[in-house]
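**Student:** Predicted model follows, preceded by the sequence.
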Amino acid sequence: MDEHIKLRVKFEKSGALRFIGHLDVMRFFQKCNRRAGIDVCYTGGFSPHQIMSFASPLSVGLESRGEYLDLEVASVTSSEDMIRRYQEASVPEIKVMSVKRLPREAGNAMASVAAASYEVRFREGRTPETFSLPGEEVTQLIHQYLSHEEILFRKEGKAGERFVNLRPGIFAFDWDPERAVITFLLDASSAGNIKPVQVLETFLQERGEALMENALLITREDLLTRNQEGALISLDDVGSVF
Amino acid sequence: MDHLALSDDILMQVEKPARYIGKEYNSVVKDKDKIDIRFAMCFPDVYEIGMSHLGIQILYDMFNRMEGVWCERVYSPWLDLDAIMRKEGIPLFALESQDPIKDFDFLGITIQYEMCYTNILQVLDLAQIPLLAKDRDESHPIVIGGGPCSYNPEPIVDFFDLFYIGEGETRYGELIELYRECREKKLSRKEFLRKASHIPGIYVPSLYEVSYREDGCIASFQPIYEDVPAVVHKELVKDLSDTYYPMKPLVPYMKITQDRVVLEIQRGCIRGCRFCQAGQLYRPVRERDVDVLKQYATEMLKNTGHEELTLSSLSSSDYSRLPELIDYLIAECDRQHINISLPSLRIDAFSLDVMSKVQDIKKSSLTFAPEAGSQRLRNVINKGLTEEVILEGARLAFEGGWTRVKLYFMLGQPTETEEDIRGIAELCNKIAAEFFDTVPKEKRVNGRVQIVASTSFFVPKPFTPFQWAPQCTKEAFVEKAYFTRKCISEQLNQKSIKYNWHEADASVMEGVLARGDRRLGEVILRVYQKGCFYDAWSEYYKHDVWLETIRECGLDPDFYTTRVRELDEIFPWDFIDAGITKEFLKREWIKAQEETISENCKQKCQGCGAARWGCGICVEPR
């Protein structure tokens, strides 16, 4: 039997297409792979499926500069050629940035995600008072917030409400007053996934403030995994250019 | 960032925002500085339905090939967005440019079923275009109706400036040229419409007047001016292999109803079933060249990346080069891991062989459409399918491993008796018996056979031999459905038979609108103003409101549905020449009552009148 080649594709999702859902993106790539003439491997049977998996679903409304899918193919040309073919077969709002070959032992994209980095802005007129304070003060407050051992967030699920501790999953939380951008590095593993809005809500709560509705403009910057040493590295750095 | 007509707040609030953002692969965006005609093409139902329609894809491609024309799409906003747009006064916009359609030159609306009439008003209303054509001026788009329901446009004439009767590929170029000319000369809307009425296939309702007899029937129907044609002839494409077909169809992001490459192999049907409107309207049957189709399939799959392909036609088995085409498609699709779906195939050894290659037999079901339960009634409706053929098909299928059979019937067709209805149950029973006779116990994979019988209620349509037939009352419909259920429960194999039937309410109103006249315009407007739309969606259909409004307008639903029509009655749609003659339809209506069948077009010409086009089956050697 032929050995399949495992590829990792990194892409951006932007503009109006932030309003299409995760399933739509999967369907898009099934078609885009065909248009681009990618030699994808299929499952057998009467309704064959492409062997493809996505790293982490992106919520509707978010842009991303670092989305990933893993793909099994029977043959390849070069990274450069495949990027070009993807871009020709795609739309401007979904742009393939890198295609890399994964080492045989690499875990699949979905299971290996450990963290996500974000940039968060406030929509016009929806900046909380806290973030209108002088930059140093905000940084001080963030510092204070992060010094808690436990930051409880109330989650309402099917089994009623429960509290989760956000603190272990907040790897970084910074405020850049000049760009008016918050950057986050948060746990995005299947066990401990945390969302930027949860952190900001609990942060503002301490100050007696609440987020306005639909206040955030969120861009997911990248998805990260842990290497053998336990350090966080970009999912893109697992594979290599060919 | 690209401009969207709706704010992020709204898009985050509504269900399925992908319906409203455009940007689909293969959608056409043109430079506004290089175009002088803006055309909005509308399917007045939700995106998933409208995007699945082949006709719009054909016309979208055709218009966008025209120099200086930009054609965009618009669909009915779903109820959630509808409410927001009304509250905030957001004008309905086209998907590609996100610009308000009220500023366009044309709004073309395809009208595929009667129950979308109120959605036409929803679209006009949200677009901020006056609902009534008489209230529009030079600043508003020309509102055009097309599609099958325009073969009796009378109930909705108040809302349209003109109708295009027939197949869209032929006359739009002329219409747009005329529009440019009139605009250049600064002619009024009225002057443009008057000139447009001279183009074949174009019907401008405001240029005709109708008078009624005391009994409510039409006394006369004629043009107001001498230069306006008294008869509007339908338009048709003579050579289907040499016309527009979209090689780059739109590929949506959302899952839509028909999410696949659609290959229209032929137009029209040779069969002449007497209840079927499409079978009459699209005469004569015209095939597309098989080599052209092969090339289209390959090209369209390449340009879309779709993983499924389907054939479109009224009766695929009648396509003369079907085996050759299917062999090619199976080879091509297998290579590319593409699924083929094959609707409207007659069940026989050939089709079963093909289906066993493209479907999982264990999961798929076979479909028969006998439409009536007894041979007598099948002769009345001219459905040339016999019990023998059905049972033989079922036997072959069971031998091949299929265990699920779907059967479609209609209740309430002319001359139907209890015996005919009992025939539905008996036929189902015989098919089940065929299974037990054919498949030995040890080979019955799922243990038993599953037969699903579905009935719909018959609604007589214009331009069919049954246009004279009285429709059943709602009570009669419901009684027939109960009787069918009772008969099925009495069968020996009743445990293998499942029975489904449609609701009767909407069928009554569909009947009113299908054979309606101009006086119904007021009813449609008023029910819309009372909040009715999305009537084609049973959960939103308000039968009581419709009934009450018809009466408020001084009309009687029974006049349109259950009344017996005289042979010489003037029908609201008689001014349209659909290719087939009224004489032919009359002959067929009489033959129906005599329980006599008519041969199909391949066997013997019935002299329907379509031969005057000089194309398709009418000129081919039989």
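**Tutor:** Happy to help now that I have it. Numbers count the residues shown, from 1 in each chain, chains lettered A, B, ... in the order given.
**Student:** and the least confident helix or strand in chain B by mean pLDDT, what other elements does it pack with?
**Tutor:** Every helix and strand of chain B was ranked by mean pLDDT, DSSP states H and E. The lowest is helix B:349-358, at a mean of 83. Applying 3 or more C-beta pairs under 8 Å, 6 or more residues apart in numbering or on different chains; DSSP states H and E, we find helix B:349-358 packed against helix B:322-335, strand B:339-341, helix B:387-400. C-beta here means a position set from N, CA and C on the backbone, and glycine is covered the same way.
**Student:** Looking at these, which is nearest to chain A?
**Tutor:** Nearest of the helices and strands packed on helix B:349-358 to chain A, taken as C-beta to the nearest C-beta: strand B:339-341 at 6.0 Å.
**Student:** For that closest one, buried residues please.
**Tutor:** Residues B:339, B:340 are the ones in strand B:339-341 that count as buried (16 or more other C-beta atoms under 10 Å in any protein chain shown).
**Student:** who touches that strand?
**Tutor:** Where contact means C-beta atoms under 8 Å, 6 or more residues apart in numbering or on different chains, the residues beyond strand B:339-341 that reach it are A:46, A:47, B:260, B:307, B:308, B:309, B:310, B:329, B:330, B:333, B:358.
**Student:** same question, stretch A:18-25
**Tutor:** With contacts defined as C-beta under 8 Å, 6+ apart, stretch A:18-25 is touched by A:13, A:28, A:54, A:57-58, A:60-63, A:67, A:94, B:11, B:17-18, B:21, B:253-255.
**Student:** Adding mean pLDDT, write the helices and strands packed on helix B:349-358 out as CSV.
**Tutor:** Formatted as CSV, the helices and strands packed on helix B:349-358 follow (pLDDT from 0 to 100):
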stretch, mean pLDDT
helix B:322-335, 90
strand B:339-341, 88
helix B:387-400, 91
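**Student:** CA atoms only: put stretch B:450-470 into CSV for me.
**Tutor:** Taking Å, rounded to 0.1, in the frame of the first residue of the first chain, the C-alpha atoms of stretch B:450-470 are listed here in CSV:
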residue,chain,number,x,y,z
GLN,B,450,-40.0,-1.0,3.6
ILE,B,451,-42.6,0.6,1.4
VAL,B,452,-43.3,4.3,1.8
ALA,B,453,-46.4,5.6,0.0
SER,B,454,-46.9,9.4,-0.2
THR,B,455,-49.8,11.2,-1.6
SER,B,456,-50.2,14.8,-2.6
PHE,B,457,-53.4,16.5,-3.5
PHE,B,458,-54.1,17.2,-7.1
VAL,B,459,-54.3,20.9,-8.1
PRO,B,460,-55.4,21.5,-11.7
LYS,B,461,-53.0,23.8,-13.6
PRO,B,462,-53.3,26.1,-16.6
PHE,B,463,-52.2,24.7,-20.0
THR,B,464,-52.9,21.1,-19.0
PRO,B,465,-55.8,19.0,-20.2
PHE,B,466,-57.1,19.1,-16.6
GLN,B,467,-57.4,22.9,-16.7
TRP,B,468,-61.1,22.3,-17.0
ALA,B,469,-61.3,19.9,-14.1
PRO,B,470,-62.9,20.8,-10.8
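**Student:** Pull the distance from it to the chain's centre.
**Tutor:** How far stretch B:450-470 lies from its chain's middle: 14 Å, per C-alpha atoms, centre = their mean, to the nearest Å.
**Student:** In chain B, what residue comes closest to chain A?
**Tutor:** Checked against chain A (C-beta to the nearest C-beta), the nearest residue in chain B is residue B:305, 3.2 Å away.
**Student:** Quickly list what residue 218 is bridged to.
**Tutor:** I went with chain A, as the question did not name one. Assessed by DSSP bridges, residue A:218 has beta-bridge partners residue A:120.
**Student:** not what I meant, chain B
**Tutor:** Residues in a beta bridge with residue B:218, per DSSP bridges, are residue B:212.
**Student:** which residues touch it?
**Tutor:** Contact analysis of residue B:218 by C-beta under 8 Å, 6+ apart lists B:210, B:211, B:212, B:517, B:569, B:570, B:571, B:572.
**Student:** For the residue in chain A that chain B sits nearest to, which non-adjacent residue is spatially closest?
**Tutor:** Closest residue of chain A to chain B, C-beta to the nearest C-beta: residue A:31 (3.2 Å). Computed as C-beta to C-beta, 6 or more residues apart in numbering or on different chains, the closest residue to residue A:31 that is not its neighbour in sequence is residue B:305, at 3.2 Å.
**Student:** Quick one: name the residues of chain A near chain B.
**Tutor:** Residues of chain A lying close to chain B by C-beta under 8 Å from any C-beta of the partner chain are A:15-17, A:19-21, A:23-25, A:27-28, A:30-35, A:42, A:45-48, A:60-61, A:89-91, A:93, A:123, A:213-214.
**Student:** one more time with 6 Å, if that's ok
**Tutor:** A:15-16, A:19-20, A:24, A:28, A:31, A:34-35, A:42, A:46-48, A:61, A:91, A:214 (C-beta under 6 Å from any C-beta of the partner chain).
**Student:** any idea which of those is least confident?
**Tutor:** Lowest pLDDT within these is found at residue A:46 (70).
**Student:** For that residue, which three-state class applies?
**Tutor:** coil (DSSP: H, G, I helix; E, B strand; the rest coil).
**Student:** Please apply the same query to residue A:82.
**Tutor:** Residue A:82 ends up helix, using three-state DSSP.
**Student:** Over to residue B:182?
**Tutor:** Residue B:182 is classified as helix under three-state DSSP.
**Student:** hmm, back to that, arrange the helices and strands packed on helix B:349-358 in a markdown table, one row each, with distance to residue B:242 as further columns.
**Tutor:** Shown next, in a markdown table, are the helices and strands packed on helix B:349-358 (distance: least, C-beta to C-beta, whole Å):
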| stretch | distance to residue B:242 |
| --- | --- |
| helix B:322-335 | 18 |
| strand B:339-341 | 26 |
| helix B:387-400 | 36 |
